[in-house]
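[1] no sequence for this one, just the structure:
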Ligand code: GCO
Ligand code: MG
């Protein structure tokens, strides 16, 4: 079998998505997700101008060699753009191999390890009371794990609070089409957040898993304080407490709290995790297959994580397309050290562009035995939605200082 052609499909059914489609001489094709929120066109160019020409004529079954060719062969390694492009190729090649061998992708990477993939949903509200109510709605929908984010008294805006409750969308332009500006106060946030989780446990008891995302806004010692104050409420995890470029910073957090820690949605390779893994400084790996070079690299990350008692909890925000979700579900079904999968629901418009096999039932996502990834793209429908430039917001402290969003 040979790769004969590949193309990049850009669509915007409510938000931008970039999809790679690889065609073969036997008529089998595969698709992969290449969406990088707020910087989508850079990956389009990387794929069209540099990657696709190198794929033509290759045997699509040689997944490891193609991966290494695109990673080692380029000299300029790592980075969100490169690794997202490699991921798109890798997912598409797995899709092709599964279809060609008439088997679902999970069978190519270990087979079935579980019957369903536990997911966590996103409950969020403008204030504490509203957030409590929203968590109740997820409990009613059968979710076993729920992330709670709330507006903070005294702040106009913050990360994780949606205009439309069920469909949180992080990209946000201002009136002039530039990144919206959010505001931040660590003091207000730290004073408020333990109250939210106290109220959640008082209202709903101990049965459900609760999660929370700090979105990289604390210093290690502030994260240590928050982790410690949240201990009585037994969080499933506390996510992205600090900017994680400095892996050593996690030693401070770990020394002070037993609240489990999740990190990595902005990471690209296993090298971002070496200290975090070997010193057992975290509990969950968040790097999605899309951001981290696809299934090929994900298997290596998960294997190394497993050695250090660390489980997966992949990023699954709306800016990762249903193609990444399908790939993640095959992956999560196959590996042993799976923890949880983030599931921010895509809109009906998006789901129609990406017809898929996976489905939600009572707190779990399930895949079927359809060969390949069990996902497709409706190109005619995709063509109706033109790309729109959309940025992620930026974030400033109350005195105007530029901060982490
Ligand atoms: C999450 C994330 C997202 C990101 C988004 C950026 O935990 O789901 O923090 O909401 O902000 O993916 O594009
Ligand atoms: Mg996050």
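    The structure has been received and is ready for your questions. Keep in mind it's a predicted model, so treat the numbers as computed, not measured. Ligands and ions are numbered 1, 2, ... in the order given.

[2] For the rest of this, base every contact and every neighbour count on C-alpha atoms.
    Noted.

[3] Just the element for residue 296, please.
    Taking DSSP states H and E as the definition, residue 296 sits inside helix 294-307.

[4] What lies in contact with that helix?
    63-64, 67, 84, 86-91, 269-270, 277, 285, 288-289, 292, 311-312, 327, 331, 335, 337 (C-alpha atoms under 8 Å, 6 or more residues apart in numbering).

[5] residue contacts, the residue in the stretch 301-405 of the chain that ligand 1 sits nearest to?
    Across the stretch 301-405 of the chain, the shortest distance to ligand 1 (C-alpha to the nearest ligand atom) belongs to residue 317, at 4.4 Å. Listed by C-alpha under 8 Å, 6+ apart, the contact set of residue 317 reads 342-345.

[6] Same question for residue 171.
    Residue 171 neighbours (C-alpha under 8 Å, 6+ apart): 37-38, 390-393.

[7] from these, which would you call buried?
    Among the contacts of residue 171, those classed as buried by 16 or more other C-alpha atoms under 10 Å are 37-38, 390-393.

[8] if you look at the helix ranked longest in the chain, does any of it touch ligand 1?
    Longest helix of the chain, by residue count under DSSP state H: helix 80-100. No - taking C-alpha under 6 Å from any ligand atom as the criterion, helix 80-100 and ligand 1 are apart, separated by no less than 12.0 Å.

[9] Name the next helix or strand downstream of that helix, please.
    Past helix 80-100, the next helix or strand by DSSP H and E is strand 117-125.

[10] List the neighbouring strands of that next one plus their orientation.
    In the sheet, strand 117-125 lines up against strand 145-150 (parallel), strand 341-342 (parallel), strand 364-366 (antiparallel) (DSSP bridges).

[11] Mean neighbour count added to these, as TSV?
    Output for the strands paired with strand 117-125, formatted as TSV (neighbours: other C-alpha atoms under 10 Å):
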stretch	mean neighbour count
strand 145-150	25
strand 341-342	24
strand 364-366	20
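
[12] quick one, what contacts the spatially most central residue of the chain?
    For the chain, the residue nearest the mean C-alpha position is residue 315 (2.0 Å; C-alpha atoms, centre = their mean). By C-alpha under 8 Å, 6+ apart, the residues touching residue 315 are 265, 286-288, 341-342.

[13] any chance of the residues you listed in JSON lines, with distance to ligand 1 and pLDDT too?
    What follows is the contacts of residue 315, written out as JSON lines (distance: C-alpha to the nearest ligand atom, whole Å; pLDDT from 0 to 100):
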{"residue": "265", "distance to ligand 1": "7", "pLDDT": "98"}
{"residue": "286", "distance to ligand 1": "9", "pLDDT": "98"}
{"residue": "287", "distance to ligand 1": "10", "pLDDT": "98"}
{"residue": "288", "distance to ligand 1": "10", "pLDDT": "98"}
{"residue": "341", "distance to ligand 1": "10", "pLDDT": "98"}
{"residue": "342", "distance to ligand 1": "7", "pLDDT": "98"}
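
[14] ok, of these, which one's closest to residue 47?
    Using C-alpha to C-alpha, residue 288 comes nearest to residue 47 of these, at 19.0 Å.

[15] In contact with that closest one: list those residues for me.
    Counting by C-alpha under 8 Å, 6+ apart, residue 288 has contacts 265, 294, 314-316, 328.

[16] Drop anything exposed from these.
    265, 294, 314-316, 328.

[17] any idea of the angle the longest helix of the chain forms with helix 294-307?
    100 degrees (axes from the mean of the first three to the mean of the last three C-alpha atoms, to 10 degrees).

[18] For the stretch 101-250 of the chain, what lies in contact range of ligand 1?
    Taking C-alpha under 6 Å from any ligand atom as the criterion, the stretch 101-250 of the chain approaches ligand 1 at residues 170, 215.

[19] One more pass at 8 Å, please.
    Contact residues (C-alpha under 8 Å from any ligand atom) of the stretch 101-250 of the chain with ligand 1: 159-160, 168-171, 213, 215, 239-240.
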